[in-house]
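Trainee: Give me a model of this one.
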Amino acid sequence: MAAQADPVAVSPRAPLVSIIVAGHNQGRFLRDALDSALAQEYSPVEVLYVDCGSKDDSLEVAASYAGRVRCAPRANLGPSGGRNVGIMLAEGDFFCFLDADDTMDSDCVLERIKPFLEDPEVGMVAGAFRAVDEQLEPLPGERQRTGTPNLRMPGLYIREPWSPTCGLLVSRRAVCACGLFDPFLWRAEDYDFQIRVTRKFRHVYDPVPRSSYRQIGSSISRNYSEVFDSVCDALRKNAAFADGRLQFRWHSFLALIAQSSGGVFGRQARERGIAEVLRTTARIALRRPIILVLFAAWAGRVVRNRLFRVARSSASAGGGCL
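Mentor: Next comes the predicted model:
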C-alpha cells in the first residue's frame, strides 16, 4: 500500500470541508471510499458515512473507523435522502460528496477548494472523473471530457451534467440558497441539484480527473430507461423556474440528445448490443414518445460516422487518389 501524504492546510484558517459518503449495501467497496476520503491532502476535513438501510456488512466496515469517521445509520432514503442527512449533520463550510462505491484522489479536495478561496461567488466545483470497473480499472469506450468547457455558453449547465457526485464540491451558502437534493428523484438527482446551483452561482469545472466512478451491474446509472425518465422529470421541474421558457425547452432538447446518445443508446449498444437498445427504446416510447426522435437522430449519426470511416478506409487503401 502506498504511503499516504501528510495533510496540507491551504491556510492557517482553512475552512472545514465535510466529505459525505452515502451508501446502501456497498460494504465490499466502502473501505476503498472511506480510505480515499481520509487520505485527503487538504486539512481540515471531516468524514461522515450515512448508511441507507444496508443489509450487508457496511455498518461493521464503518464501525472499524471509529474516531475517524462519523456514522449515521438511517432507513433507505435513496441517494438524495442519504446525502441530505449528511448535509444536515455536517459541520463544514463546504460539502464534498462521495458514493460508497466510488473513490477520490488524495488531491481532490485540495485542488477543488481553491476556486472557492479565490472567488466567493463560486458555488460549485465539478470535475472530470475516471469511469472504472469493480477493480477500479478504466472502462474501455467511456468518453470523458478532456478540456475545460466554455462556461459562458448559454444553457450549458442544462445541456449536460457536469459530473457524478464523486468529487463534487459545493458551498454551504449555495445549498442554503438552492436547496437540498430532491428526495423524490432517485435518479438524475445530481443533475437536478447541479442545475439549481449553477442557475444562481458561479460554477467551475476542473478538467483533471480526481475521482473514480465505479460502474457495476447494479449501479443506478445502468437502469437506462429509469435514468431517462428521471432526466425528463428534472428538466420539467426546473422549467418552472426558467427565465425564458422557449430557450429552456431548446436547451432541454439538447440535453435529452446528449443523455440518450451517450447513455440510453451509445453505452448500451457497446455493453448489450443493438437488440437491447431497441427493446429499451420501445419501453421508454410508451411513456416518452420523444425517445423515437432521439433514436432516429442517434441512428442517423451512427450510420453517417460508419460511412465516413468506410470512405476514409477506401481512400487510404487506394493511396488517397480518386
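Trainee: which stretch of helix or strand covers Ala315?
Mentor: Ala315 belongs to helix 290-317 when assigned by DSSP states H and E.
Trainee: buried sites along that helix?
Mentor: Buried residues in helix 290-317, counting neighbours by 16 or more other Cβ atoms under 10 Å, are found at Ile291, Leu294, Phe295, Trp298. For every residue, glycine as well, the C-beta is placed using N, CA and C.
Trainee: List just the nearest of the residues you listed to Thr103.
Mentor: Within the buried residues of helix 290-317, the smallest distance to Thr103 is 31.8 Å, found for Trp298 (Cβ to Cβ).
Trainee: for the spatially closest residue to that closest one that is not a sequence neighbour, helix, strand, or coil?
Mentor: Once flanking residues are discounted, Trp298 sits nearest to Phe265: 4.6 Å by Cβ to Cβ, 6 or more residues apart in numbering. Secondary structure, DSSP: H, G, I helix; E, B strand; the rest coil: Phe265 is helix.
Trainee: May I have the residues that are in contact with Phe265?
Mentor: Shown in contact with Phe265 (Cβ atoms under 8 Å, 6 or more residues apart in numbering): Val277, Thr281, Leu294, Phe295, Trp298.
Trainee: Model confidence for it, exactly?
Mentor: Listed pLDDT for Phe265 reads 81.
Trainee: what does Arg301 give?
Mentor: As predicted, Arg301 sits at a pLDDT of 81.
Trainee: Distance-wise, check it relative to Leu136.
Mentor: Taking Cβ to Cβ, to the nearest Å as the measure, Arg301 falls 32 Å from Leu136.
Trainee: Likewise for Leu156?
Mentor: In this structure, Leu156 and Leu136 are 30 Å apart, going by Cβ to Cβ.
Trainee: Please say which of those two ends up with more neighbours.
Mentor: Neighbour count, other Cβ atoms under 10 Å: between Leu156 and Leu136, Leu156 has more, with 17 against 13.
Trainee: residue boundaries of the helices in the chain?
Mentor: Ranges of helices within the chain are 27-38, 58-63, 78-89, 108-112, 114-118, 156-159, 172-178, 189-200, 224-239, 245-259, 268-272, 274-285, 290-317, based on DSSP state H.
Trainee: All set, thanks.
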